[in-house]
Each structure stands twice: as structure tokens, then as C-alpha cells.
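Visitor: What would the 3D arrangement of this be:
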Amino acid sequence: MLKAVVIIPTYNEIDNISIAIEKVLSLGENFDILVVDDNSPDGTAEVVKGFVSKYSNRVFLEIKKIKEGLGKAYTLGFSWAMARNYEYIFEMDADLSHDPNDLVRMYNELQNINCDVVIGSRYINGINVVNWPLSRIILSYFASIYSRVITGLPVKDATSGFVGFKREVLEKMNLSSILFNGYAFQIELKFKAFKNNFKILEIPIIFRDRVHGESKMSGNIIFEAVFGLIKLKIKSFLK
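Guide: Residues are numbered from 1 along each chain as shown. Modelled structure (predicted):
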């Protein structure tokens, strides 16, 4: 089986990161882990260092000097993974809202040549979200509808952060040209894969809200998603 790496960005996830790492490690040796820490002041990186010492061939850590956000953390992780010749590269949140067991299903879809990008989708079969406030569900759901209207992207959960890529999909993108950092970053990756004619598949997952820690959602992220997608669509026309 071809090896995969699960990239987990962190900022103040000391209460969650140990559980997330242990769950991924329990899936078997096919999944390595890269934690990209955004200079967390709560000691998240120190916890991860303990796993790196114990599982030096499977758990890796990159610590950023300054907090730059989700998009920058993932693009660093993507470049790291491609430099080490991983064939399958996954995104997963550290807050346990994504069930690591679903990585196996996602991996199998990529390996069986069913798709080039696989999305763990909250909205492919109705709305499968647990413990989110109604306002957050509405925001996320309509953000995905809005993204389809603006970009033509045939994806029901465009803002999902639970995604697997074949390495050639990321190789085709110019990661240094990525425009966005939050919700819009996730949409941009899927849009660029779609525009490059890669096959995208959504599979249903159950998304559970975090129990520990605080959401990183902010007004700036929402603003970026609303107005950034128009810019993204315009740039695609110009190219």
C-alpha cells in the first residue's frame, strides 16, 4: 500500500492533539502524521514533541515562528509532504470534529482510482452536523451554496477541511499563488483541482463540534470567503 500523510494544523489544541494523534496512529502504519503548529502559546508543540520522540518514523512536527493561519500552515505541510514523496496527502482538523476512522474510507477511494480528490462531506446526504449552533450550520451550508453559484464548483461541501489529495493534484497547483487562508482557502483548493480537470468525490461523514478549545472562526474569515470567491472566479477567467 502507498503511504499517506495526515497534515494536522494546530493553534492552542493542547486538549485535543494527543487524542487526534493516537487515533490516527491506531489506523495502522500506512498513515504518517505531520503537525504544523502555528506557534501555539499553550504548549501544543511540546505535547507533539513527545510523540515525535516515541514515533520518530511516523509523527513529525513543523513549528511556525509566527501565527499566520490555516492556509499558510497547510501550504507548508503540502510542500513538506511532496518533498518526501508521499502519494496521498490528507487535511484533518485537530479538534476531533473529523473522525480519524473516516481516513480509511477516504484512502481507499483514492487508491481504487475512484477520484483524485476525496472530500469528507457534511452535506452530501442532508446535513450531518452534531452539536453546532444553528447559526454556524446556516453559515457553513450557505457558504457552500454560495461557492457553487459563484465558481460553478460541483461540490456540496466546498468549505470542508477533511480532504485527501493525490500528490499530482497539489503538484499541478502553484502553492505560492494560493490567495486565501480560511473558508475561502478550502474552496480555492477544490476549485483549482476542478479547473485542472481532476475528479472530485464527496463521501458522507458525521461532523461533531469540538468539545475542548475555541473555534478559530472570525469575521475576517467570513469576509474573505464572501468577497474572495468573486476575485477567484475573475482570475480564472483571465487565465
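Visitor: so how many other residues sit close to residue 70?
Guide: Other residues near residue 70 number 22, with proximity taken as other CB atoms under 10 Å. C-beta here means a position set from N, CA and C on the backbone, and glycine is covered the same way.
Visitor: give the contact list for it.
Guide: Taking CB atoms under 8 Å, 6 or more residues apart in numbering, we find residue 70 in contact with 9, 161, 181-182, 185, 216.
Visitor: In helices, which of those residues fall?
Guide: Counting by DSSP state H, the part of these found in helices is residue 185.
Visitor: Select only the buried ones of the contacts of residue 70 in PyMOL?
Guide: This is the PyMOL syntax for the buried subset of the contacts of residue 70, where burial follows 16 or more other CB atoms under 10 Å:
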select buried, resi 9+161+181+182+185+216
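Visitor: Thought residue 128 was touching residue 141, still the case?
Guide: No - the criterion here is CB atoms under 8 Å, and residue 141 misses it with residue 128 at 11.2 Å.
Visitor: coming back round to it: quick one: which of the contacts of residue 70 is nearest residue 41?
Guide: The shortest approach to residue 41 among the contacts of residue 70 belongs to residue 216, at 14.2 Å (CB to CB).
Visitor: wait, residue 188 sits on residue 177?
Guide: No - Residue 188 is beyond contact range of residue 177, at 9.8 Å (criterion: CB under 8 Å).
Visitor: what sits against the nearest residue to residue 198 once chain neighbours are set aside?
Guide: What sits nearest to residue 198 in space, not counting adjacent residues and going by CB to CB, 6 or more residues apart in numbering, is residue 116, at 3.9 Å. Applying CB under 8 Å, 6+ apart to residue 116 gives the contacts 110, 165-166, 168-169, 193, 198-200.
Visitor: Quick one: the strands in this protein, in order.
Guide: All strands of the chain, identified by DSSP state E, fall at 4-10, 31-37, 59-63, 88-91, 117-121, 129-130, 163-166, 200-204, 207-208.
Visitor: Reformat those as TSV; add mean pLDDT and distance to residue 48.
Guide: Formatted as TSV, these follow (pLDDT from 0 to 100; distance: least, CB to CB, whole Å):
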stretch	mean pLDDT	distance to residue 48
strand 4-10	97	8
strand 31-37	97	5
strand 59-63	98	5
strand 88-91	98	17
strand 117-121	97	23
strand 129-130	82	27
strand 163-166	98	22
strand 200-204	97	28
strand 207-208	88	22
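Visitor: Switch those strands over to JSON lines; also include distance to residue 73.
Guide: JSON lines is the format used below for the strands of the chain (distance: least, CB to CB, whole Å):
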{"stretch": "strand 4-10", "distance to residue 73": "4"}
{"stretch": "strand 31-37", "distance to residue 73": "4"}
{"stretch": "strand 59-63", "distance to residue 73": "8"}
{"stretch": "strand 88-91", "distance to residue 73": "10"}
{"stretch": "strand 117-121", "distance to residue 73": "19"}
{"stretch": "strand 129-130", "distance to residue 73": "24"}
{"stretch": "strand 163-166", "distance to residue 73": "14"}
{"stretch": "strand 200-204", "distance to residue 73": "22"}
{"stretch": "strand 207-208", "distance to residue 73": "20"}
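Visitor: closest to residue 151 out of the ones you listed?
Guide: That would be strand 200-204 among the strands of the chain, by CB to CB, at 12.6 Å.
Visitor: neighbouring strands for the closest one, and are they parallel or not?
Guide: As defined by DSSP bridges, the strand partners of strand 200-204 come to strand 117-121 (parallel).
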